[in-house]
Structures are given as C-alpha cells and as structure tokens.
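Undergrad: test case, fold it:
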Amino acid sequence: MARSSTVYTPEVFTGMKELRKWHTATNFAERIEKINRRPAAADIALQMRSAGDNAVDLEARFTLREGERAVQAAEAFVIIYENQLRSEIRAGENRGVNLQHERVVRFWSTALPLSKADGTALWQQTLKIPADWQLKQLGVAAFVQDAQAGEVLQAVALPGCLQPATATAS
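TA: Just a heads-up that it's a prediction; the model follows:
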C-alpha cells in the first residue's frame, strides 16, 4: 500500500484502460476509433416501454456471437441513467459554480450470467421510477462483458423513457 496524502480519481476510461491524455482530442478520438474497429463479440436487443405512471418495462436480450461462445464467464448488465442533473458547489475551488451532469447512473442491475450452453440471456423487469427522477431525461444502457478479463464485448444505449423504444447492437 502506498503511503500518500494524495487522493487520485481517474477521469476517463476507454476500453477498460485509463486515458490520461483525454483532453487532447486526437488521443481520445484515436482510442475510440481503435475500440470501434474491433468486431463486436455479442449482440444486444434492448426495449423500454412505458408501464403506466412512473414505471417502465425493460427487456434486454443478450447473445454471444458464434466464435465467442468460449467465453466462460460472460455476464450482462442493464443500467438506467439520467441526464441534465445539476449541482451547486458550495465549497472548494469550484464554490459558486453550478455543474451539469450527464449519464448519471440511477439503477444498475445485478450481473446476469449468459448461458454456457448457448451464450444467451434474457433480462426483464418493471422499474418504478422515483418521483425525483426526470422521466424525460432518462435513458437505458446495457453491456456484455467477459467477467474474467473485464473486457466489454458489446454495449448499447437507448435514450428516452416516455415513448416505446427499441435498440439493437450487433
């Protein structure tokens, strides 16, 4: 354990690695481009429908691609996020500043293991939305990862909770 009075919080991760020079547009763009050139190892179909006042029905279907079925510890997650949250900073170097936050995680599902037999999983849940969440600013995301290596195999995001919506990533 390093004995230090400094606390360090990494700011940006891409592809499960910290990107320290993310402020440089070319470094960030190159890292994202490199990740996006890799073929997806899983398919995700994501649906979100209104389930009445302050509730949404969520469904996510996950499938490992044929060549990826050897991943023995693939697991999936579903996340609800909210945009345009604001905080007023009352102390420190940013005192008096109002910050806007995007993609703030409000709900994170438990890990859903993909079947070792066929590489699939189905997740369904009706989620009651707390009164202090802004329905118009909510979105849903899902991803599949190799739990042993920590590598994300595929991810998809779907903005908006008020209208029926579907997203598929292949």
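Undergrad: touching, Pro113 and Ala121? I think so.
TA: Yes - look at Pro113 against Ala121 with Cβ atoms under 8 Å: they come within range, at 6.8 Å. The C-beta positions use only the backbone N, C-alpha and C, and glycine is treated the same way.
Undergrad: more neighbours, those two?
TA: Ala121 (19 against 13; other Cβ atoms under 10 Å).
Undergrad: which SS class is that one?
TA: Applying DSSP: H, G, I helix; E, B strand; the rest coil to Ala121 yields a three-state assignment of strand.
Undergrad: tell me who's in contact with it.
TA: 61-62, 76, 112-115 (Cβ atoms under 8 Å, 6 or more residues apart in numbering).
Undergrad: turn those into a markdown table, including secondary structure, pLDDT and distance to Lys128.
TA: Shown next, in a markdown table, are the contacts of Ala121 (DSSP: H, G, I helix; E, B strand; the rest coil; pLDDT from 0 to 100; distance: Cβ to Cβ, whole Å):
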| residue | secondary structure | pLDDT | distance to Lys128 |
| --- | --- | --- | --- |
| Arg61 | strand | 97 | 23 |
| Phe62 | strand | 97 | 24 |
| Ala76 | strand | 96 | 22 |
| Leu112 | strand | 97 | 20 |
| Pro113 | strand | 95 | 25 |
| Leu114 | coil | 94 | 27 |
| Ser115 | coil | 91 | 29 |
